[in-house]
Structure formats: structure tokens, C-alpha cells
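# Give me a model of this one.
(one chain, ligands or ions: 3)
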Amino acid sequence: PQVGISRVHEAAHLHVSGEAVYTDDIAEAQGTLHAALGLSPVAHGRLLSIDLEMLRRQPGVVAVLTVADLPGENNCGPLVHDDPILADGELRYLGQPVYAVIATDRELARRAAAMARQVVRTEALPAVLTAREAHAQGLYVVPPMHLSRGDPAAALAAAPHRLDGEWAVGGQEQFYLEGQISYALPQENQGVLIHCSTQHPSEMQQLVAHALGWSAHQVTVQCRRMGGGFGGKESQSALFACVAAVAATRLRKPVKLRVDRDDDFLITGRRHGFDYRWSVGFDDDGLLLAAEIDLISNCGHSADLSAPVMARALCHFDNAYWLPHVAMHGYCARTNTQSNTAFRGFGGPQGALAIEMILDGVARRLGLDPLLVRQRNFYRPGQDVTPYGQQIDDHLLQPLTDQLITSSAYHDRRAEIAAFNASSPVLKRGMALTPVKFGISFNVVHLNQAGALVHVYTDGSVLVNHGGTEMGQGLNTKVAQVVAHELGVPAHTVRASATDTSKVANTSATAASTGSDLNGKAAQDAARKIRQRLLPLAARLLDCNETEVVFNAGQVHGGDRSMTFQALVAQAYLNRLQLWSDGFYATPGLHWDRAKLQGHPFYYYAYGAAVAEVVVDTLSGEHRVLRADVLHDVGQSLNPALDIGQVEGAFVQGQGWLTCEELVWHPQSGLLLTHAPSTYKIPTANDMPRDFRVALFDAPNRADSIHRSKAVGEPPLLLPFSVLLAIKDAVAACGPARCDPPLRAPATPEAVLDAVEATRAM
Ligand code: MTE
Ligand code: LUZ
Ligand code: MOS
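Ligands and ions are numbered 1, 2, ... in the order given. Modelled structure (predicted):
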């Protein structure tokens, strides 16, 4: 078999040797010009004028473009058309692109672009910089969303115990190592080719066409690979693609726009920070009886993907737990900051984190082990319909959690930690186990489709093109494995080509973790059609029945004879058989009422759980993750090595979100102060759990997914909730029994010290 085995990422040798071609590595065509963006110096204001003459006089400057130079629509927003490519009259956030300088080289373009404070005249308007303030003023990018079941008010009033809380979690920068970039080359007869680092080539094609006032067939978008996307290149690669394309077609010269890291921070959005306000009712055992919650997301200045992000947050507040009576209210707050967007988990982490904080608080109130309270609240047969109406038909979390409790020696280590803390006044240890249930499918039904194109050449080599994009996750490797498996050929004879809108049309973003589910199935469909076409010929040549023909390891067997795949293909060509095929897939059984937030939005769920143990220095507020044990469900893995890599990477990325990555905007000017790695701290090798044990749960997907595998990209980002709650557990050891430390997220040393101080005073 070619699936279910640990094949090395097909470009790994290129990644490590520096030979892998990213957009900026593509050999530049003669006459290539370089663009840079002039950014709004104010968070909110009226744009009075731009001194274009001054900019045009700068060395190397060839042209300066403003909104007046856009031939078509001034929008790069994906759903709601409310996202200007270049500012038009109103300045909405500090960092918003106002003009584009096109120059003979990149440094000169950047130098001129950086003169924004001198050349842009503005009239300042009052800015709204926090989601709470926007919510108080009723400023939203889309209307509020409500999802409820039962009678939470009555259940809350009747509950033996009640807990009210307010909490917040910060946003997170994607910090893809390759920044945003687009390289546009004008083509003959009013066409343009754009090399773009994007998760969504088809949407780039569409938005560029609209910006140019052209048709889609005039625009081709290509992406060989990204140096990471993490959601940040699902919609927000569009602004750069549009500027490069408009400049290139206007000047009839190739134009490259590669954004500097600081500008990338200032221009683009990231994971939404959330504010929460909740009331829950529960009994003496910690069983949740009622929950009411407001979720307020900081969306920034435009809608972008904030509506589906909030919908996913609402659909993940339940996480693993049965909530008989629940009311959720989602508010998408409009602020004068960068427009927030997709980031691994897409609102799911922000939804599920709230219930995990709540359950931790409930357990501490009652003096129970939080793990026990979690297990008591798990969905179980008979109590297994989500608030949005989807029935859960597998109950993997109980056995998965039991297995992890045993393999991590949870109970023994709890006792050891208690003993350690009793004799250690400064260093405190803590531990937590948290589960994950994550819904797989785009929560917009029509996006769950994919296409592929498989070419078999007469020498037996195979080229596969599909609608997905490669961002390091190993999608091309998995799809090539699927095709190799279907055709019974060695994996190295299958090559994946760059993603290209002229090969597979109308694709969805590679997002929602669905890349291999969707494109794997589409490629399988294409390969299967080719195999079907080859069958009658193979049977004839091997002198056997079609049902006896087997494709395996580059050989075609039938009866007691066999021939090579290559020989069969050569014969097929001479017999004028079509040796290439398209393939298509649409996920079955999905329906979703977007207004009522009810239906069956997910094809299946992916599960996982993690136990983290930390040690906290209560004098410095620093912590270390001593050990993390992860058991994660990827169904029947297509490629265990890639999947374990995804789980490890997501774990550490989520750890960064919750412990060290902190975004700070200046409270008056609205400048994002943390706009470089000097001030914005992503986790490094040093922050990895000292002892990191990742295992895959052994159970095939019950749904008919590609070879019964499950999506892996996003769900494990929720596993390091265990790290945050382990830190909280350690801080609780500083206070009296049943104390509930007020720990902020991210749990930076400052946040931990504040929590320690407050807990000591309890
Ligand atoms: N892994 C790497 N190395 N780089 C990335 O940018 N993006 C994540 C995840 N894993 C990402 C990654 C996100 S946000 C998603 S949605 C999925 O990969 C997308 O790819 P898939 O659907 O093929 O898993
Ligand atoms: N829904 C979703 C979406 O669940 N994940 C996504 O990445 C997405 N992107 C666009 C629209 N809906
Ligand atoms: Mo991932 S946030 O769905 O690109």
C-alpha cells in the first residue's frame, strides 16, 4: 500500500537545502519593478490629500498609485465587499495601505513609501480600539448571532450553584516565515499571470479580475508553495495580489510586491482576540445545568472572515460537553485596527477555551479534580446532540481519555505534584488534562468541494494537479500517495505540480483542515477513472477477466501473467485510450441554516486530548512545560509521520498563543507596538515540552473519508489548553483550598505574577 505509511514530505530535501522555490525565488523577468505600500499614519481619520508630486520626485520611483488608479472595484474582502485595496476618503486603521509606490528596486520603493507621515494629510477622527468599547457603542462588522437551546434562564435560576465570570483571550499573529508576496507578469492580449503566496488561488483570481474590471479567464494565479499560511493567506493575500496586478497591467511591466515583516504586521490581521461574559449553573457533582455566554470578537475595521469565524466559535463552545440549556450570543466588534481573519482553528479555539475555563472554575469551586468534572460532562449516548443540532454518532473521547490517563500516569503524577508543592514554596508545579472535539468541514456548505487533474504520460510517470495548496503541511505528499495507491505505482513516480487556476477551476481555500479530505478524494476519483479505462485493455493483454486485474507496485497482474504499468500505459496510448482524467468530490450529507445556526455542518469530528505538566517560578512568573502527553485522533492516518508533525507543530503554536504571544496596541494612537519579533514573542525550540510524547489514537474514521483518515491541520491547536490550565493549577497551589486564580491569557510572566499575587491574597 502507498497510504498509511510514513513517506517523507516530497519537498523536504528542497526545504532543508534551500532549493525549494518560494515566490520570491522565482527568477525575475527583465524589467521587473518593485512595489511598496504607503500606510495610514492614523487609526481613524479623513484622508484630505496625498502629495503625489513629492513621491514621484523620489529616486527610482516610476509610478505612484492611489484608489483613483484602480480600473475596477476597490475591494479585496472575501464575503462582504467592505475591504478597500487602497484607502478611499476614510482612513480606518493605523497601517492601512493608502498608496503604492512602484520603483526600479525594492529599497527605493520602500524608502518613498515610508514617507507617508510627510505626504498624507489627514483630519483625525475618534478611534475605537477595543472590542469592549465597540460593543458598548453597538459597532459591528456583521449582525450579532444567537444560538440557543432549552430554557437557560430558568435552568440557571433553578441550579444549586451559579458561577458568573468575565475573561478574555488575546489574538495571535500567524507569523508565517515567508511574508505576504505577489509577483504579477502582464501577458499578451490583456492577460496577467500572478505568482502569489496564497491558500486561495481562485479567490485571488476573482478579486484581481474585479479590481481590474476584467473576466476571470484573463487572470491566472499560481502557487508552488507557501512558507506557511496558518490562515493568514486565506483571504489576506488578496490586497497584495490586487496591487501587484493593477500596477503590472497599468505599467505593462512585471511588478513584485514583497511586504516587509513590520509592514505585514501593520497591514494584515490575525486571530481574533475574544472577550467573554458568562453565567453557568451546576450541581454538587459539577454537572453543568445551564450556560449563558456573550462572545465578543475583535474583528478590526472590516468583516473579512469574521462571520464564519464567530459561527465556528459558537459551534465549538460545547467542545466535548453536553449542555442541556444554553444561550450563546456572538458579537463581531468593529474596531480601528487590522482586520482579523482566519488562523488555525478559525474561532474553534476561542469557543472551546471558554468552556474549558468555565469547567476549571466549577471544579475549583467544588474542590474537585477538573478532570473528573470534565469526564462527568462529556457527551454520552442519549445526551449527544450539539446545541446546533448535529447528532454525535461516535463517542471516542471516553476511551481516548481513559487511554491517555493510563499512559500518562495521570493520577500518580497528581499525587507527586501535590507532594512537591507542599515542600516547595517558590517553584510550584501544576497539571491539566484537556480534551478536544473539532468539527471537520467548512461551515459554509458549498465550499466543501474540490477538483483534481491526473496525467499519466506514456512512460508511466504521473503528474497530479489539485485545487489545494502546499504550505508545509504535506498535502502534496498525501495526495500523491493516494494517486500512487490507486494506480498501484511507486510513490516516487507521482509528482504534484504547482497549484494553478488554469488547471483546476473554482477551488476552495486550502483551509478548515480539509485539504487532504477534499483534494485526496478528488484525485482518487481522477486516478480511479484512468484505472477503469485501463482495465479492459489489461484484461485483454493479460488474457484474464477484468475482475482479476490487480495494480500493485508498478506491476499489473492478472491470471498468472503480469506486465509493468509502464508497458500497459504505452499500449493504451497506441490504442488511443485517454490517459488523463479530471476528478471531483463534494462532501455528502452536509446542511446548514446560517440564519438559525442549526443543521449538520460537519462531516465528522476529530478528537484528541493532552496532559501537560508545568513548573512555575512564582518569583519571576516564568514557567516551563516539563512534560506533555498527547493522544490524538487522525482516523486511519494517511501518513503517520506527517500527522505527528502536524500535531506537534499545532501544539507548540497553540502554546505560543496562550503563553507568550502578546499583541499590544498603543491606547491612544492605535499603533500596533508589537510588530516585529523583537517585541512579539513566538515560541522557539526552547519552549517545547521537555518531554513530549505524541501518539495517534488507533481508530478508522466512521465516515467514508479518504482511506478512513481524518483531517489533522487545526484540531491539535486546541490541545495546549492543557498548558494554560496547568499553569493555572500551579498558581492555585499558592492560595487556599478551592481558590480560583484569575489568570489572563496569554499567561506571560507578567500575567502569571499578577495571578500569583492575587491568589496569595485570597
Ligand atoms: N502546517 C504548516 N506546516 N504550515 C501551515 O501554514 N496551516 C494550518 C495547518 N497546518 C499550516 C499547517 C492550517 S490553518 C490549516 S487549515 C491546514 O494546515 C490546511 O491544510 P490541510 O487542510 O491540508 O491540512
Ligand atoms: N469556514 C470554516 C470557512 O470552517 N473554515 C474556513 O477556513 C472558512 N473559510 C471561509 C469561509 N468559511
Ligand atoms: Mo486554516 S485557519 O482553516 O487556514
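# Which single residue of the stretch 451-600 of the chain ends up nearest ligand 1?
Going by C-beta to the nearest ligand atom, ligand 1 is nearest to Gly515 of the stretch 451-600 of the chain, at 2.2 Å. Quick note: C-beta positions are derived from backbone N, CA and C, even for glycine.
# what about that residue, how many neighbours?
Around Gly515 there are 29 other residues, counting by other C-beta atoms under 10 Å.
# The stretch 101-250 of the chain against ligand 2: which residues are in contact?
Glu234 (C-beta under 6 Å from any ligand atom).
# Same check on the stretch 551-700 of the chain?
The stretch 551-700 of the chain has no residues near ligand 2, with proximity defined as C-beta under 6 Å from any ligand atom.
# Okay, strands next: where are they in the stretch 551-700 of the chain?
555-558, 561-564, 580-586, 591-593, 598-600, 604-617, 623-633, 691-697 (DSSP state E, counting those that start in this stretch).
# Could you check how far the residue positioned nearest the centre of the chain is from ligand 2?
With distances taken as C-alpha atoms, centre = their mean, Arg344 lies nearest the centre of the chain, 2.4 Å away. Distance from Arg344 to ligand 2, counting by C-beta to the nearest ligand atom, to the nearest Å: 10 Å.
# Give the full set of residues in contact with that residue.
Residues near Arg344 by C-beta atoms under 8 Å, 6 or more residues apart in numbering: 230-231, 650, 653, 713-714, 717.
# Adding secondary structure, write these out as JSON lines.
Output for those, formatted as JSON lines (DSSP: H, G, I helix; E, B strand; the rest coil):
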{"residue": "Phe230", "secondary structure": "coil"}
{"residue": "Gly231", "secondary structure": "coil"}
{"residue": "Ala650", "secondary structure": "helix"}
{"residue": "Gln653", "secondary structure": "helix"}
{"residue": "Gly713", "secondary structure": "coil"}
{"residue": "Glu714", "secondary structure": "coil"}
{"residue": "Leu717", "secondary structure": "helix"}
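# most surrounded residue in these?
Of the contacts of Arg344, with other C-beta under 10 Å as the count, Leu717 tops at 30 neighbours.
# For that residue, list the residues it contacts.
So Leu717 contacts 344-345, 349, 650-651, 653-654, 657 (C-beta under 8 Å, 6+ apart).
# ok, now how distant is it from Ala333?
To Ala333, Leu717 is 23 Å away according to C-beta to C-beta, to the nearest Å.
# Of all the residues in this structure, which one is nearest ligand 3?
Closest point on the chain to ligand 3, by C-beta to the nearest ligand atom, is Gly231, at 2.8 Å.
# For the spatially closest residue to that residue that is not a sequence neighbour, give its distance to ligand 1.
Computed as C-beta to C-beta, 6 or more residues apart in numbering, the closest residue to Gly231 that is not its neighbour in sequence is Ala342, at 3.2 Å. Remark: distance between Ala342 and ligand 1 (C-beta to the nearest ligand atom) = 7 Å.
# now Val243: how far from Val67?
For Val243 relative to Val67 (C-beta to C-beta), the value is 11 Å.
# the more surrounded of the two?
Between Val243 and Val67, counted using other C-beta under 10 Å, the more crowded position is Val243 (28 against 17).
# secondary structure element for the closest residue to ligand 1 within the stretch 251-400 of the chain?
Using C-beta to the nearest ligand atom, the closest approach of the stretch 251-400 of the chain to ligand 1 is made by Arg344 at 3.7 Å. For Arg344, there is no host helix or strand (DSSP states H and E).
# thought Asp83 was touching Asn75?
Yes: contact criterion C-beta atoms under 8 Å: Asp83 and Asn75 qualify, at 5.8 Å.
# so Arg270 touches Gln338, yeah?
Yes: taking contacts as C-beta under 8 Å, Arg270 lies within contact range of Gln338: 7.1 Å.
# for Ile296, phi and psi?
Backbone torsions for Ile296, taken as degrees, to the nearest 10, come to phi -120, psi 120.
# That one: neighbour count?
26.
# That one: what's it in contact with?
Residues near Ile296 by C-beta under 8 Å, 6+ apart: 131-132, 135, 274-276, 331, 333.
# do Thr493 as well
460-462, 484, 554 are the contacts of Thr493 under C-beta under 8 Å, 6+ apart.
# at 10 Å instead, please
456, 459-462, 480, 483-484, 487, 554, 565-566 (C-beta atoms under 10 Å, 6 or more residues apart in numbering).
# do the same with Gly439
Gly439 touches 312, 315-316, 348, 386, 388, 390, 512-513, 601-606, 711, 715, counting by C-beta under 10 Å, 6+ apart.
# what do you get for Pro324?
Pro324 sits in contact with 149-152, 155, 287-291, 383, 387, where contact means C-beta under 10 Å, 6+ apart.
# again, only this time at 6 Å
Going by C-beta atoms under 6 Å, 6 or more residues apart in numbering, Pro324 touches Gly150.
# mind checking the SS state of it?
Assignment for Pro324 (three-state DSSP): coil.
# so what pLDDT did it get?
On the pLDDT scale, Pro324 is placed at 98.
# Name the residues of the stretch 251-400 of the chain found near ligand 3, please.
342-344, 346.
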